[in-house]
Structures are given as C-alpha cells and as structure tokens.
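Chemist: Next one to model:
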Amino acid sequence: MNELLKYIKIKNNELKFKLSDIIQIAATPKKERVFYLLNKLVGNHLEVKPNKIKAVGHILASLVYKGKIDTNILSEYIKENLNNDDVIEKELSKYIEPQEKVFVLGLAKSATAIGMATAEAIKDSYYLSTVRETPMNMKYLFDFEENHTLLTTHRCYLKEVSELEEANHIIIVEDEITTGNTIINLIDKISQFSNAKKISIVTILNFSNKHFTKKLMKIGDKLNIQIKVHEILKGKLRYEKLNKKTVELAENNINNIDVIKETTSIKNINKYNKIIIKTNNIEHEMMEKSGCFGVSFNEIQEIEVKAKEIAEIINSNHKKVLVISYGENMYVPSRIAYYINKNADFKCITRNRILAKNKQYYPIEQCTAFNIDGIEYYLYNKNKIEKEYEKVYFIVDRDINVKLTNNTEIIKI
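Modeler: Predicted coordinates for the structure are as follows:
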C-alpha cells in the first residue's frame, strides 16, 4: 500500500524530548512509503555533534541498566540546553559494570555508531554490527531481512563466535522500530547461536504496536527467553493512503540529482590494523576493529586513543569542520571528528535515496550521487556544506578517492 505520514503521536517520553530534537521528515522515491524519518542523532544523513552519538549510546545502555549514568544531563546536552564541557565529559566517561556477559548488536546502517557507543558504555561487553556487504572470505554467521528498506538483507560476520555463544544477555540496538518485523527476524536467527536467556531491544524511537508486543511474547515463550523493549521516545505513526498525484510527484522528482566525478589524492595515516576482504570479486582493505566483525570493550577504548592520535596528526586549525565517513564504519570516524575539533560535525554518505527539494524547513536541498566500485552512493546538501564548513575530512579505511566537496581532504586511517 502507498503510504504517507499523517501524524506522530507521542505516548511515552520520560526525558522530555521534542520530536524536532530527534527527527526531520523527508520524502523518498519509494512507492510503498514515500516518507522517511531522518534521525538527527545517528550521523547517517544529517550532521551531528560526535558526542551526541556517544551520549545517545550511554542513554540507551542506561535504559537497560539504570542508575549509574545521569541520563538527564545527557538528554539536556542533546537538546542543546547544556553546554558545560566538563560536566558532559564526566558523564560520558562513566560506564556500567553489569554482573553478566553482554553482547551488543547494532543494526546497519543507522544504528552502527550508536550501537558501538552503547557497547562503549557497558564494561566488558562485546560489540558487533550487521553489514550490508557480502565479504566472501570472512566467517559468515547468519543473515535476516528488513523488508521496508532499500538494502533488505542484514548479514552477520563474527570472528569470535564464542562471544555470542557464551553471552548471558544480548542487547539489540536500533534507531527506530516501526513494525518490528526486522527484530523478530533477528531474534529467530540469533537464538540459534546463543544460549542467552535475556534479550533487550533498545531504540531511540519506538513506533511499534500491540501486534509487535504479541509477537515478542510468543517468540519469547517459544524460546524460553526474557525479551524487553526500551525506548527513549514511544509514539504512534498514523498513515494515510497516497493519491495518484502524490505518487507521480515523487516519481518525477527522482531525476533531481547531481553527479560527482572529480577525484583527489589520499593522505595515508594508517593507524588502525586492516584486513583484506573480498566483495563482488573486488578485494579491498577494511578496518579490522570497525565492529563489522566484532570488537571488545577494551578494543573500543584503544580505538578512542588512536582516534585522538589521528586527530593530532591531521592537526587541523579550521574552526568549522565536517567529518564524513563511509559504510558501516561510523563510530570511529565520529571520534576522530571530536578530537579534530570539539565543535566539529559528523555524518556518513549513504545508499539511501532521499528526494531533494529547495523548500523552507525541508532538510534535503540537494542530492549528489557518486560511484564506488559500481555502487551508487549519495551525499546530501553538498553546496550548503561547502558554504558552511571551512574544511571537510573524508575518513576512509580503504582507497576511495572521490572528491565529495571542493574543500574535501581524504584521510585513510
């Protein structure tokens, strides 16, 4: 059914966020559902302060393990009502010490950065993000489907399978739940590789309904697993069926797109260990500890140290800085961004197609496409980026030489 968002009703919102603190609404060329909720806190389409990603992770972890971290301080920072760096840093330096073995799984792509940020807040946890690619030479575990998105298949590749097998508690991190079918598909698969008796689902936005709750209860009873859902904001989406004219307008706007063909040189810093992966018969490097194949709590701490070292090597003296990343490796470049300049912004290029329109309050003014190994990616609001930022750093872990903006420098880490 063709669907258009009619309204959002807030039901539960303990931290008193406004929807405008979290999302902006855009349009897509997809006929099934032409609206897209752009999350402002995950770094996927829109720019975000790196420490906001980290703060979201700490809040999500605190939904499961209450009391250690002051979520009110972090929520006020996210809302931009608190600007005391010392207070924020103190809260973000805290971590939870659970008396159980925790495995955190972040769902690609929007939850990969906040997923690792959640694991970073839970001592001795182990983190894995799902991926969209198919690395043919890596240890494949399982896949599951997300039917309402462009790239429907999530894949899990885990080097240390014992981390999942021995976990007592699995925490699944999402940015948004609507039907919940993706979560059901995931629980069905992950339960085949783990004996964990507790699964917690944490999300920024929860728009699921009673049907999802019933499905969770049913699968929990079937597998003898305690399943709980925790959200920052609970609400309800109301849709209406699209008329033919609205669908035609979306289709006619698909070709409103610019193309990047210019390339530039790459500055090699190479601080992080790489592995060679093979996808679609193309071999390329990938950061070993990006989270795509698993990373421990201690390794995440080491990543933070190296992020600071990389920022010192870059040694930027620009006041207005944007850091852009590629693929599921989002959290690491976001931390580099923070150490380059505490006021820097961060976001990631994406394969999600959002319609561009030069209209007041609409978030996407410009859509720019470019090609990486035969796959089309998008950068949004290129002209605006060139006007607002003195410098753009494109952080990669492989050889990608696309010049995203006129003021882009590519850094290979």
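Chemist: For residue 356, which non-adjacent residue is spatially closest?
Modeler: residue 367 (4.1 Å; C-beta to C-beta, 6 or more residues apart in numbering). Backbone N, C-alpha and C define where each C-beta goes, glycine included.
Chemist: helix/strand/coil for the nearest residue to residue 284 once chain neighbours are set aside?
Modeler: Closest residue to residue 284 in three dimensions, ignoring its sequence neighbours and counting by C-beta to C-beta, 6+ apart: residue 398, at 4.5 Å. Following DSSP: H, G, I helix; E, B strand; the rest coil, residue 398 is assigned to coil.
Chemist: So what touches the one helix or strand residue 385 maps to?
Modeler: Assigned by DSSP states H and E, residue 385 belongs to helix 382-388. Identification of contacts with helix 382-388 by C-beta atoms under 8 Å, 6 or more residues apart in numbering yields 258, 260, 320, 322, 365-366, 368, 379, 392, 404-407.
Chemist: Neighbours of the residue nearest to residue 284, how many?
Modeler: As a burial measure, residue 398 scores 19 neighbours (other C-beta atoms under 10 Å).
Chemist: Next up, the contacts around it.
Modeler: Residue 398 makes contact with 274, 284-286, 412, according to C-beta under 8 Å, 6+ apart.
Chemist: Could you do residue 380 as well?
Modeler: 45-46, 350, 354, 356, 364-368.
Chemist: Residue 286 is in contact with residue 275, correct?
Modeler: Yes: counting by C-beta atoms under 8 Å, residue 275 touches residue 286, with 5.9 Å between them.
Chemist: Between those two, tell me which one has more neighbours.
Modeler: Neighbour count, other C-beta under 10 Å: between residue 275 and residue 286, residue 286 has more, with 22 against 17.
Chemist: ok so, going back, mind picking the one among the contacts of residue 380 that's closest to residue 14?
Modeler: residue 46 (24.4 Å; C-beta to C-beta).
Chemist: Report the contact partners of the closest one.
Modeler: Taking C-beta under 8 Å, 6+ apart as the test, what residue 46 contacts is 24, 38-40, 347, 363, 380.
Chemist: Let me have those residues in a markdown table, extended by distance to residue 164 and pLDDT.
Modeler: As requested, the contacts of residue 46 are arranged in a markdown table below (distance: C-beta to C-beta, whole Å; pLDDT from 0 to 100):
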| residue | distance to residue 164 | pLDDT |
| --- | --- | --- |
| 24 | 35 | 94 |
| 38 | 32 | 95 |
| 39 | 27 | 97 |
| 40 | 32 | 97 |
| 347 | 30 | 98 |
| 363 | 37 | 94 |
| 380 | 35 | 97 |
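Chemist: re the thing from before, list the buried residues for the helix holding residue 385?
Modeler: 382, 385-386 (16 or more other C-beta atoms under 10 Å).
Chemist: Reformat those into CSV and put distance to residue 130 next to each item.
Modeler: Listed next are the buried residues of helix 382-388 as CSV, based on distance: C-beta to C-beta, whole Å:
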residue, distance to residue 130
382, 29
385, 28
386, 33
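Chemist: For residue 69, state which of those residues is nearest.
Modeler: Distances from residue 69 to these, taken as C-beta to C-beta, are shortest for residue 385 (33.2 Å).
Chemist: quick check, distance from stretch 402-410 to the centre of its chain.
Modeler: 22 Å (C-alpha atoms, centre = their mean, to the nearest Å).
Chemist: Please read the previous query as pertaining to stretch 305-319.
Modeler: 23 Å.
Chemist: How about residues contacting it?
Modeler: For stretch 305-319, contacts defined as C-beta under 8 Å, 6+ apart pick out 269, 271-272, 332, 335-336, 338-341, 343, 389-391, 393, 411, 413.
Chemist: so where's the chain uncertain?
Modeler: 1-6, 31-33, 136, 147-151, 239-255 (pLDDT under 70).
Chemist: Repeat the analysis, applying 80 as the threshold.
Modeler: The chain contains residues with pLDDT under 80 at 1-7, 29-34, 132-139, 143-152, 238-256, 279-281.
Chemist: which parts of the longest strand anywhere in the chain are buried?
Modeler: When the chain is parsed with DSSP state E, its longest strand is strand 226-241. Residues 227, 229-235, 237 are the ones in strand 226-241 that count as buried (16+ other C-beta under 10 Å).
Chemist: cool, and stretch 311-322?
Modeler: For stretch 311-322, using 16+ other C-beta under 10 Å, the buried residues are 311, 314, 316, 321-322.
Chemist: Just the element for residue 119, please.
Modeler: Using DSSP H and E, residue 119 falls within helix 112-120.
Chemist: Point out the other elements, helices or strands, that that helix touches.
Modeler: In terms of contacts (3 or more C-beta pairs under 8 Å, 6 or more residues apart in numbering; DSSP states H and E), helix 112-120 is packed against helix 50-64, strand 102-106, strand 126-129, strand 169-177, helix 297-314, helix 331-340.
Chemist: which stretch among those comes nearest residue 265?
Modeler: helix 297-314 (14.8 Å).
Chemist: Just checking the distance from the closest one to the centre of its chain.
Modeler: Its chain's C-alpha centre lies 19 Å from the corresponding centre of helix 297-314 when counted by C-alpha atoms, centre = their mean.
Chemist: now do stretch 47-66
Modeler: Here stretch 47-66 is found 12 Å from its chain centre; the criterion is C-alpha atoms, centre = their mean.
Chemist: again with stretch 43-56
Modeler: That offset, for stretch 43-56, works out to 9 Å (C-alpha atoms, centre = their mean).
Chemist: now do stretch 81-94
Modeler: 22 Å.
Chemist: Mind listing what's buried along that stretch?
Modeler: Of all the residues in stretch 81-94, those buried under the rule 16+ other C-beta under 10 Å are 82, 88, 91-92.
Chemist: got the contact list for it?
Modeler: With C-beta under 8 Å, 6+ apart, stretch 81-94 has contacts from 51, 54-55, 58, 68-70, 73-74, 76-77, 121, 342.
Chemist: Farthest-apart pair in those, please.
Modeler: Using C-beta to C-beta, the two most remote members of the contacts of stretch 81-94 are 68 and 342, lying 24.5 Å apart.
Chemist: Those two: which has the busier surroundings?
Modeler: The residue with more neighbours, out of residue 68 and residue 342 and counting by other C-beta under 10 Å, is residue 68; that gives 16 against 12.
Chemist: Thought residue 96 was touching that one, still the case?
Modeler: Yes: with contact defined as C-beta under 8 Å, residue 68 reaches residue 96; the gap is 4.9 Å.
Chemist: With that, I have no additional questions.
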